[in-house]
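**Student:** Dropping the sequence and predicted coords here.
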Amino acid sequence: LEARAAAAAWDGTVDISWYDPAQTEYTIDTPAKLAGLAALVNGMADPAAKAIVGDRSYLVSKKVDNVMLVGAGGGNVFDTVYTGGVDFAYKTIYLTADLDMGGRKAADGSWTGPNWTPIGGKFPMKPQEASSDCLTLDTRFNGVLDGQGHTIYNLYCDRCAAKGFPYSMAVGVVGFLGGNADYANGGNGEKTEAEFENGWQPAVRNLVLGSGSIYGRRMVGGIVGRNQVSGQIVSCSFEGKVQGTTATGGIAGLNEGIIRHCTNTGSINTNNVDASLSLSDIQIDTTLDLANLTTSQTFLTTTETGGIAGTNTGLIAGCKNTGTVGYEHVGYNVGGIAGVTSGYLLNNTNSGTIYGRKDVGGIAGQVEPYVAVTVSESTKEQLQNQLKELKTLTDQATASFLDELNQIDKPITVIFYGDHLPSIYSTAD
């Protein structure tokens, strides 16, 4: 695989010298230039970047305090984010060569190398920072990235966030496709949805991720972390490894837009034991040390894992999965195409092996929506009265039935089950 890459392996350098804001089309032929695209969208380069080539004044970021990172379901966590950058709306970027992103896979399956910064997203620029500001981004890519059939190899991306679950979202080659920053004005105010002119749709198309490892906490995808309603992912394929905890997929972690004619042959959430746990953490004694055998230490609890998308509320059409998805007897809502879907699935196929503990399917692990009906108080009272009448009628019918049985002069045992009273009735001898 590495021999096919046209350019030298990435060494962590970020090149933005190619960017001219007056242009609408750009070509990228080196890994450093692709990293430059990410830096421009994110408003900053990775603090660990080896060097930055080009005009740094184009790297613009705005610090916004007290922004909600996760809502009530995750504990209402607020913190600082960094918005801004160039979103590339109405602009197209073409890859003109295969790119080696410098990651290397060890014999034990782990990856090392320059840590890829997704193009847009809500993830930490300092993923190992556990207490102070980890530089959490809130940026979007609204352009078109056209791979033209070229392949990205050896991409190593770890944006898992030691600071916790709320700080790592929308992780992939492209982290967040489509839309504006969720809370660009700070606080927990209204979301800002993007409105594009002349039918413009942000997209990633004709791109292959030939090898690599992508690791995050939620909305983690092999091509795109989160694809919003306006976004399209077309004719892309993934052949690497993706690991996340919630909404993890071979093509997209969360798909709210359109995914068409994409293929996954990679491994999605196939690891289970947390690498941070060492044998020295476990006390082998005559008593069970429960403190050192907590779920958070030993197992990665995963939910919403799919070969194409972990969670789908949009459209997935004409896609194929042949990769292994999930871990045996562990994880919820695991599917060959989508882990959970309340959107549309059309003409998709799966021949990969799918593992999980609950709600596991060859195409979808769980199909929604759940239907909730709201009625007026008068209608509610009418329904309650009718149910009471129905209960009275069924009670009378049951009593009449038992009376008739008692008229038969031989032993009879009647067992009621299901929604009825679970009892055994004995008749006369």
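**Tutor:** Okay, I see it. Numbers count the residues shown, from 1 in each chain.
**Student:** Mean pLDDT per element in the chain, and the minimum belongs to which helix or strand?
**Tutor:** Taking mean pLDDT, DSSP states H and E as the measure, the helices and strands of the chain show their lowest mean at helix 295-298, namely a mean of 39.
**Student:** Tell me where the stretch 251-400 of the chain is predicted with low confidence.
**Tutor:** 272-300, 370-374 (pLDDT under 70).
**Student:** In a strand, residue 157, correct?
**Tutor:** Yes - Residue 157 sits within a strand when classified using DSSP: H, G, I helix; E, B strand; the rest coil.
**Student:** could you measure it against residue 46, distance?
**Tutor:** Taking C-beta to C-beta, to the nearest Å as the criterion, residue 157 is separated from residue 46 by 11 Å. Any C-beta I mention is one placed from the backbone N, CA and C, and that applies to glycine too.
**Student:** Check residue 269 too.
**Tutor:** Look at residue 269 and residue 46: by C-beta to C-beta, they are 25 Å apart.
**Student:** Which one's more surrounded, these two?
**Tutor:** Each of residue 269 and residue 46 has its neighbours counted (other C-beta atoms under 10 Å); residue 269 has more, 31 against 21.
**Student:** mind listing what the closest residue to that one other than its chain neighbours touches?
**Tutor:** Nearest-residue entry for residue 269: residue 305, 4.6 Å, with adjacent residues in sequence omitted and distances by C-beta to C-beta, 6 or more residues apart in numbering. In this structure, residue 305 makes contact with 244, 248-249, 268-269, 325-326, 331, 333-335, 339, 356, 365, judged by C-beta atoms under 8 Å, 6 or more residues apart in numbering.
**Student:** what do you get for residue 58?
**Tutor:** Residues touching residue 58, when contacts are defined by C-beta under 8 Å, 6+ apart, comprise 16, 19, 21, 40, 86.
**Student:** Counting neighbours, what do you get for residue 327?
**Tutor:** Here the count is done by other C-beta under 10 Å, and residue 327 has 21 residues near it.
**Student:** before we move on, what about the one 4 residues further on?
**Tutor:** Counted with other C-beta under 10 Å, the burial measure for residue 331 works out to 28 neighbours.
**Student:** Make 53 the first number, not 1, from now on.
**Tutor:** Will do, 53 is the new start, and the previous item becomes residue 383.
**Student:** Can you name the residues that contact residue 390?
**Tutor:** Shown here is residue 390, whose contacts under the criterion C-beta under 8 Å, 6+ apart are 301, 307, 358, 360-364, 368, 397, 415-417.
**Student:** Make a markdown table out of those and add distance to residue 215, secondary structure and neighbour count.
**Tutor:** Converted to a markdown table, those look like this (distance: C-beta to C-beta, whole Å; DSSP: H, G, I helix; E, B strand; the rest coil; neighbours: other C-beta atoms under 10 Å):
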| residue | distance to residue 215 | secondary structure | neighbour count |
| --- | --- | --- | --- |
| 301 | 24 | strand | 40 |
| 307 | 26 | strand | 33 |
| 358 | 27 | strand | 39 |
| 360 | 30 | coil | 35 |
| 361 | 26 | strand | 39 |
| 362 | 22 | strand | 37 |
| 363 | 23 | strand | 30 |
| 364 | 28 | strand | 32 |
| 368 | 32 | strand | 29 |
| 397 | 35 | strand | 19 |
| 415 | 36 | coil | 20 |
| 416 | 33 | strand | 25 |
| 417 | 29 | strand | 29 |
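**Student:** Out of these, which comes closest to residue 191?
**Tutor:** Nearest to residue 191, judged by C-beta to C-beta, of the contacts of residue 390 is residue 307 at 19.2 Å.
**Student:** Hmm, residue 356 and that closest one touching each other?
**Tutor:** No - contact between residue 307 and residue 356 fails when scored by C-beta atoms under 8 Å: they sit 11.2 Å apart.
**Student:** In strands only, show me the contacts of residue 357.
**Tutor:** 300-301, 320, 385-387, 391, 417 (DSSP state E).
**Student:** Please identify, among the residues you listed, the one with the most neighbours.
**Tutor:** residue 301 (40 neighbours).
**Student:** Return the subset of the contacts of residue 110 lying in strands.
**Tutor:** Per DSSP E, the subset of these in strands is empty.
**Student:** In helices, which of the residues you listed fall?
**Tutor:** residue 92 (DSSP state H).
**Student:** The contacts of residue 110: which two are farthest apart?
**Tutor:** Between all members of the contacts of residue 110, the longest pairwise span (C-beta to C-beta) is found for 68 and 73 and amounts to 11.2 Å.
**Student:** okay, these two: which has more neighbours?
**Tutor:** Of the pair residue 68 and residue 73, residue 68 is the one with more neighbours under other C-beta under 10 Å, namely 23 against 9.
**Student:** gap between that one and residue 188?
**Tutor:** Computed with C-beta to C-beta, the distance linking residue 68 and residue 188 is 22 Å.
**Student:** Same check on residue 89?
**Tutor:** From residue 89 to residue 188 the distance is 20 Å (C-beta to C-beta).
**Student:** Now do the contacts for residue 367.
**Tutor:** For residue 367, the contacting residues are 309-312, 395-396, 398, by C-beta under 8 Å, 6+ apart.
**Student:** So which of the residues you listed wins on neighbours?
**Tutor:** Each of those was scored for neighbours by other C-beta under 10 Å, and residue 311 scores highest at 32 neighbours.
**Student:** Would you mind measuring from it to residue 359?
**Tutor:** In this structure, residue 311 and residue 359 are separated by 11 Å, where distance is defined by C-beta to C-beta.
**Student:** Repeat that for residue 225.
**Tutor:** Between residue 225 and residue 359 the computed distance is 17 Å (C-beta to C-beta).
**Student:** and those two? which has more neighbours close in?
**Tutor:** Neighbours per residue (other C-beta under 10 Å) separate residue 225 from residue 359, with residue 359 holding more: 37 against 28.
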